[in-house]
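Novice: predicted model and sequence follow; I will ask about them next.
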Amino acid sequence: MTPDPRPNLLDFTLPALIDWMRDELGEPKFRAVQLWQWLWRKMARDFEGMSDISRATRARLAEAARIRWPEVAQKQGSADGTVKFLLRMEDGALVESVLIPSEGRDGGRRWSQCLSSQVGCPMACTFCATGSMGFGRNLSMGEILGQVLVARDYLGDTRPDWPVLRNLVFMGMGEPLLNWGAVKDALVSLNDDRGLNFSPRRITVSTCGIREGLRELGESGLAYLAVSLHAPNQALREKLMPRAARWPLPELMAALAAYPLKTRERITFEYLLLGGVNDSPEHAAELARLVARVRGKLNLIVFNPWPGAPWQAPSEERVLAFERALWDRNITAIVRKSKGQDIAAACGQLCAAPQQG
């Protein structure tokens, strides 16, 4: 099939859309803003229903451009309410995105979404199913934010001023800071109150530690930071995360100690507990010393098995002992309950493979 040469408007930031509308169609800035709002606030999938744009302009738009969302190849629901989407991009590439339910303060259901930024992942962390896939390619801004549109459409979430989808976490497939150009454009567009209108405090970007990208994320102020740590020393990190460990752990921690944080903002450290590998009281003591000089908190995640994984989960007793050892050293640490394990949607399980049944 011959690729469609028309640009997908979901790949345009608002400034880029303003420029394109002016250069290609001779339309003024306000028209581009109208179109932007149709794309992101009203989730339009074609030009026909854009009632405040003239019929002639809509016809010219349809000739010059298109609106293409990711295709939902498969949707799975977990017993705990988690929903996983297998999404097919225009070139056939597959990624997964996950909706995670929680209860709001008013008792109503609220949702967080785990977003993917790459097809596969080049980091090859040994405990991650995505890492076992290898790397395909980066996602575009439209392919990243298209995941949000798919989720909002599924939820019937049509009021950006009172959203059901409340939080976004770049913790799906891929290393976001290795696709910083598209991720930054996505963050800028998410923050725009004329579009999806997500506050930076409701967006978290998770990284295993990419030197240049980390600096640029901190300078941008566009999202909160989470760091995949998973080891309390350089030697063990090299074993578990050999590519991430190329940036030595002492240097990474020094960069995090200097990372710009807003008032009351803290860095979230993610620490995956692997049975008999990094879950001893000695590891906890070493971890406490490592993170003590950074304004942060620890999320402890129990390993979620996947086919062919070389590790296993620790016992509940070891998990609780590890958490207690951190609290005894004045480190805020919380064991995060994984959701969606029964549909391979939990942390570290995403692999973009169609599920049977």
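Specialist: Sure thing, it's come through. Numbering: from 1, shown residues only.
Novice: may I have the beta-bridge partners of the residue minimising distance to the centre of the chain?
Specialist: Nearest to the mean C-alpha position of the chain, by C-alpha atoms, centre = their mean, lies F170 at 1.4 Å. F170 forms beta bridges with V205, as assigned by DSSP bridges.
Novice: surely it touches Q118?
Specialist: No: under the criterion of C-beta atoms under 8 Å, F170 lies out of contact with Q118, with a separation of 10.3 Å. Yep, even glycine has a C-beta here, placed from its N, CA and C like the rest.
Novice: can you give me the helices for this structure?
Specialist: 14-25, 29-40, 55-64, 129-133, 141-155, 180-191, 211-220, 234-240, 249-257, 281-291, 316-327 (DSSP state H).
Novice: and the fourth one, what's buried?
Specialist: Translated: helix 129-133. Buried residues in helix 129-133, counted by 16 or more other C-beta atoms under 10 Å: A129, T130, G131, S132, M133.
Novice: quick one: which of the residues you listed is nearest W38?
Specialist: When the buried residues of helix 129-133 are compared for distance to W38 (C-beta to C-beta), T130 wins out at 33.6 Å.
Novice: relative to V150, how far out is the closest one?
Specialist: According to C-beta to C-beta, to the nearest Å, T130 and V150 sit 19 Å apart.
Novice: C208 too?
Specialist: 26 Å.
Novice: neighbour-wise, which of these two wins?
Specialist: More crowded of C208 and V150, by other C-beta atoms under 10 Å: C208, with 25 against 21.
Novice: tell me how far the more buried one lies from G92.
Specialist: 27 Å.
Novice: N167 too?
Specialist: 30 Å.
Novice: who's more crowded, the two?
Specialist: More neighbours surround N167 than the other of N167 and G92, with 19 against 8 (other C-beta under 10 Å).
Novice: am I right that the more buried one is in contact with S112?
Specialist: Yes: with contact defined as C-beta under 8 Å, N167 and S112 form a contacting pair (4.0 Å).
Novice: so, low pLDDT: which residues of the stretch 1-150 of the chain?
Specialist: 1 (pLDDT under 70).
Novice: please repeat the previous calculation with a cut-off of 80.
Specialist: 1-2, 104-108, 131 (pLDDT under 80).
Novice: try the stretch 151-300 of the chain
Specialist: 160-161.
Novice: beta partners of the residue nearest to G134 when sequence neighbours are not counted?
Specialist: Spatial nearest neighbour of G134, excluding adjacent residues (C-beta to C-beta, 6 or more residues apart in numbering): G120 at 5.3 Å. When bridges are taken as DSSP bridges, the partners of G120 come out as F135.
Novice: about what we covered before: for the buried residues of helix 129-133, which one is nearest A255?
Specialist: Using C-beta to C-beta, these come closest to A255 at G131, 22.7 Å.
Novice: if I pick that closest one, what's in contact with it?
Specialist: C121, M123, A124, C125 (C-beta atoms under 8 Å, 6 or more residues apart in numbering).
Novice: and the gap between the spatially closest residue to W36 that is not a sequence neighbour and Q113?
Specialist: Distances taken as C-beta to C-beta, 6+ apart put L14 closest to W36, at 5.2 Å, once the chain neighbours are dropped. L14 sits 22 Å away from Q113, going by C-beta to C-beta.
Novice: quick one, which of those two is more surrounded?
Specialist: Q113 (24 against 20).
Novice: which residue of the protein lies farthest from its centroid?
Specialist: Distance from the C-alpha centroid of the chain peaks at A56, with 38.5 Å (C-alpha atoms, centre = their mean).
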